[in-house]
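# Sequence first, predicted model second:
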Amino acid sequence: MAYGGVNSSFFGAQNASYGVIISIGPGTASYSVANLGRTAGSGLEWMFLDNWSAKAEYMYYSLNPVFLYVGSTIHQRIIYGNGLVPGDITDLANFFSRTNFNGNIVRAGVNYHFNLPATPVVTKY
């Protein structure tokens with residue numbers, strides 16, 4: 001299981017081309033929350049001296065994606081043609097955004113192991 005904070009922002013702007021204009025202006029959406037996901041990894045540790053070891057670890061994580069909806073835009077004809085007049089609605093579009101949160105983590109390190117008694121200490125009564 002993986003757990004982490006995620007932030008996502010989306011901005012959709014209007015566009016005009018080929019005689020079609022989007023009549024609704026820019027829109028924004030944002031999202032910030034702690035998110036759950038999954039993780040998998042592996043690691044190795046090698047004792048190269050009596051009290052010293054070296055280690056290497058790898059972890060992949062993937063948090064649940066975030067979907068944002070900004071709103072709808074209406075495409076309107078601004079030129080004559082195909083029986084349409086200026087202002088006729090030709091279709092409806094929606095602004096959506098999907099953000100994935102995944103990554104790879106690689107760690108390497110050296111550890112010092114303190115001298116501990118080789119056998120457990122047992123108190124005798």
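Done, it's in. Numbers count the residues shown, from 1 in each chain.

# Who are the contact partners of the residue lying closest to residue 46 once chain neighbours are set aside?
The spatial neighbour of residue 46 that comes closest, neighbours along the chain excluded (C-beta to C-beta, 6 or more residues apart in numbering), is residue 54 at 5.3 Å. C-beta: built from backbone N, CA, C; applies to glycine. Residues in contact with residue 54 (C-beta atoms under 8 Å, 6 or more residues apart in numbering) are 45-46, 48, 108-111.

# Which members of the residues you listed are positioned in strands?
Counting by DSSP state E, the contacts of residue 54 place 45-46, 108-111 in strands.

# Using a markdown table, lay out the contacts of residue 54 together with pLDDT and distance to residue 37.
Formatted as a markdown table, the contacts of residue 54 follow (pLDDT from 0 to 100; distance: C-beta to C-beta, whole Å):
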| residue | pLDDT | distance to residue 37 |
| --- | --- | --- |
| 45 | 95 | 26 |
| 46 | 94 | 31 |
| 48 | 92 | 35 |
| 108 | 98 | 24 |
| 109 | 97 | 25 |
| 110 | 97 | 30 |
| 111 | 94 | 29 |
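
# Direction included, what does the helix or strand harbouring residue 33 pair up with?
Following DSSP states H and E, one finds residue 33 within strand 27-47. Take DSSP bridges as the rule and strand 27-47 pairs in its sheet with strand 2-12 (antiparallel), strand 52-77 (antiparallel).
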